[in-house]
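Asker: all I have is the shape, not the residue letters:
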């Protein structure tokens, strides 16, 4: 795609918008920057990036006169694709792409891309480390915190890019084609954005839409939606399973992770050798291994990384121990299914902090996963009453409402005994009380570390 001299509208002035603008500035595009927040001042926007300083800035509403002169629109991932403004642009037949597509159009080299409801960040970080252990030029980008657009101009034909891709980013992909893709799992999430489960599944599965028979897609055999999806793909499909031995693929056999080819098994490692907790993490290990091996990395080079890799920050992250009570930060458990994995990873009686922004999730399965392990549920945020109602319906009644994370931590600490765990695993997004799940997790860790023994 040629960008020189093209009139490009960038929607959104956050991290993704800044990175997109800086990339397009290098490509000599003519930029217009739009943000729907009419409270923003033009000077505030221009201060965010040198790429914004020479651009036309539009705030609040997008006039028809601006739409008329556009050649291309780049949406930041947080911008819903069904906004009236976006629909109006689409009606004018103006091409709309997202940050991932823009980066893909400008980047060189090979790409391995990971999506799924849960486990993306851990799998992406692990795969990135495996690739760095074998290749000299590796970029790790996407939802993991580094916009793909911020590194695309620095890639060469030798670059291997590992990308964590969200459903929001996949909605605006057009030609994006990874050599190796993975869909880790699909459970309900972001239904406030996608509206139906069918739309959400379609967004995740679209990571394969441009892949060919020469490419690879790694899928979770224990996810019925993905097992059925894999049966109809033209790409080479590699399955992994945490519940059964596979004739072909990667599987967990007791505590051993193995690879089978035509029924012949090969041992990769024992989970006791790993620094990661929980079956969901063993699935992440299998997915990353399958992607790397499929891309040509030898198993011995993969295992070197598997046994030294540490858990990703904010994902069942051990914080500290006070008075015999262990504290874990699982702030990245932003939906019920992710939070279920957090509970399952606990190996001691647990006081659980949950609640936050409402993404229209249902909480019954999360409550049922407590399975006698959760002693007390301490709730914060906009969803606390909805979660409490679900808990009582499931027969769980030891519930406390609090107004702040600090108060929730103190209540847990006051009620915890030697040998217990305190787990922040909210099953909700953070946006009602915090800027991000990272901020929520960082504040949790700071408060916990300052608790008096």
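Answerer: Cool, got the structure. Fair warning: this is a prediction, and the values are worked out from it, not measured in the lab.

Asker: any idea how far the longest helix anywhere in the chain is from the middle of the chain?
Answerer: As assigned by DSSP state H, the longest helix anywhere in the chain is helix 279-294. Centroid displacement of helix 279-294 relative to its chain, using Cα atoms, centre = their mean, to the nearest Å, is 16 Å.

Asker: now it: buried residues?
Answerer: For helix 279-294, a neighbour-count test (16 or more other Cβ atoms under 10 Å) marks 280-294 as buried. C-beta: built from backbone N, CA, C; applies to glycine.

Asker: just give me the least confident of those.
Answerer: When it comes to pLDDT, residue 280 is the least confident member of these, at 88.

Asker: following the host helix or strand of residue 414, which helix or strand comes up?
Answerer: Following DSSP states H and E, one finds residue 414 within helix 405-415. In the C-terminal direction, the helix or strand that comes right after helix 405-415 (DSSP H and E) is strand 421-424.

Asker: helices or strands up against that next one?
Answerer: strand 325-329, strand 350-354, helix 405-415, helix 437-449 (3 or more Cβ pairs under 8 Å, 6 or more residues apart in numbering; DSSP states H and E).

Asker: can you tell me which of those is most buried?
Answerer: strand 350-354 (a mean of 27; mean count of other Cβ atoms under 10 Å).

Asker: run the chain-centre distance for it.
Answerer: Computed by Cα atoms, centre = their mean, the chain-centroid distance of strand 350-354 equals 22 Å.

Asker: just the angle between that strand and helix 437-449, please?
Answerer: Relative orientation of strand 350-354 with respect to helix 437-449: 140 degrees, computed using axes from the mean of the first three to the mean of the last three Cα atoms, to 10 degrees.

Asker: strand partners (parallel or antiparallel) of strand 350-354?
Answerer: Using DSSP bridges, the strands paired with strand 350-354 in its sheet are strand 374-379 (parallel), strand 421-424 (parallel).

Asker: could I get those strands as JSON lines with distance to residue 120, mean neighbour count and mean pLDDT?
Answerer: Listed next are the strands paired with strand 350-354 as JSON lines, based on distance: least, Cβ to Cβ, whole Å; neighbours: other Cβ atoms under 10 Å; pLDDT from 0 to 100:
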{"stretch": "strand 374-379", "distance to residue 120": "26", "mean neighbour count": "21", "mean pLDDT": "98"}
{"stretch": "strand 421-424", "distance to residue 120": "20", "mean neighbour count": "27", "mean pLDDT": "98"}
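
Asker: out of the ones you listed, which gets nearest to residue 330?
Answerer: For these, proximity to residue 330 was assessed by Cβ to Cβ; strand 421-424 is nearest, at 5.9 Å.

Asker: and the strands paired with strand 350-354: which comes nearest residue 348?
Answerer: When the strands paired with strand 350-354 are compared by Cβ to Cβ, strand 421-424 sits nearest residue 348, at 4.9 Å.

Asker: how about residues contacting that closest one?
Answerer: Taking Cβ atoms under 8 Å, 6 or more residues apart in numbering as the criterion, the residues outside strand 421-424 that touch it are 325-331, 342-343, 346, 348-353, 405, 409, 412-413, 416, 440-441, 444, 448.

Asker: go again using 6 Å as the cut-off
Answerer: Under the criterion Cβ atoms under 6 Å, 6 or more residues apart in numbering, residues 326-331, 346, 348, 350-353, 412, 416, 444 lie in contact with strand 421-424.

Asker: equivalent analysis for stretch 350-366, please.
Answerer: Applying Cβ under 6 Å, 6+ apart, the external contacts of stretch 350-366 come out as 191-192, 335-336, 339-340, 373-384, 387, 390, 408, 412, 416, 421-424, 426-432.

Asker: neighbours around the nearest residue to residue 276 once chain neighbours are set aside, how many?
Answerer: Nearest residue to residue 276 in three dimensions, chain neighbours excluded: residue 311, at 5.8 Å (Cβ to Cβ, 6 or more residues apart in numbering). Counted by other Cβ atoms under 10 Å, the residues lying close to residue 311 total 20.

Asker: just residue 163 next, same as before
Answerer: 30.

Asker: show me what the strand or helix carrying it packs onto, helices and strands only.
Answerer: For residue 163, the enclosing helix or strand under DSSP H and E is strand 160-164. With contacts defined as 3 or more Cβ pairs under 6 Å, 6 or more residues apart in numbering; DSSP states H and E, strand 160-164 has these neighbours: strand 110-115, helix 120-132, strand 138-142.

Asker: packing partners of the longest one?
Answerer: Read that as helix 120-132. Using 3+ Cβ pairs under 6 Å, 6+ apart as the contact criterion, the secondary-structure elements in contact with helix 120-132 are strand 110-115, strand 138-142, strand 160-164, helix 279-294, helix 299-306.

Asker: returning to that earlier point: who wins for proximity to residue 398 among the helices and strands packed on strand 160-164?
Answerer: When the helices and strands packed on strand 160-164 are compared for distance to residue 398 using Cβ to Cβ, the nearest one is helix 120-132, at 30.5 Å.

Asker: tilt between that closest one and helix 279-294?
Answerer: Using the same axes, to 10 degrees, helix 120-132 lies at 30 degrees relative to helix 279-294.

Asker: give me the buried positions along helix 120-132.
Answerer: Across helix 120-132, burial judged by 16+ other Cβ under 10 Å covers 120-132.

Asker: distance to residue 210 added to the helices and strands packed on helix 120-132, as JSON lines?
Answerer: Converted to JSON lines, the helices and strands packed on helix 120-132 look like this (distance: least, Cβ to Cβ, whole Å):
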{"stretch": "strand 110-115", "distance to residue 210": "11"}
{"stretch": "strand 138-142", "distance to residue 210": "17"}
{"stretch": "strand 160-164", "distance to residue 210": "14"}
{"stretch": "helix 279-294", "distance to residue 210": "17"}
{"stretch": "helix 299-306", "distance to residue 210": "27"}
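
Asker: of these, which is nearest residue 30?
Answerer: When these are ranked by proximity to residue 30 (Cβ to Cβ), strand 138-142 comes first, at 25.9 Å.

Asker: tell me the average confidence for the closest one?
Answerer: Mean predicted lDDT for strand 138-142 stands at 95.

Asker: same thing with stretch 174-190?
Answerer: Taken as a whole, stretch 174-190 has a mean pLDDT of 87.

Asker: show residues contacting it.
Answerer: Taking contacts as Cβ under 6 Å, 6+ apart, the residues outside stretch 174-190 that touch it are 97, 100-101, 104, 110-119, 201, 204, 207-208, 210-211, 215-220, 223, 225-226, 287, 291, 294-295, 335, 337.

Asker: and stretch 8-15, by the same measure?
Answerer: By Cβ under 6 Å, 6+ apart, the surrounding residues in contact with stretch 8-15 are 17, 20-21, 24, 29, 31-35, 45, 70, 72-76, 79.
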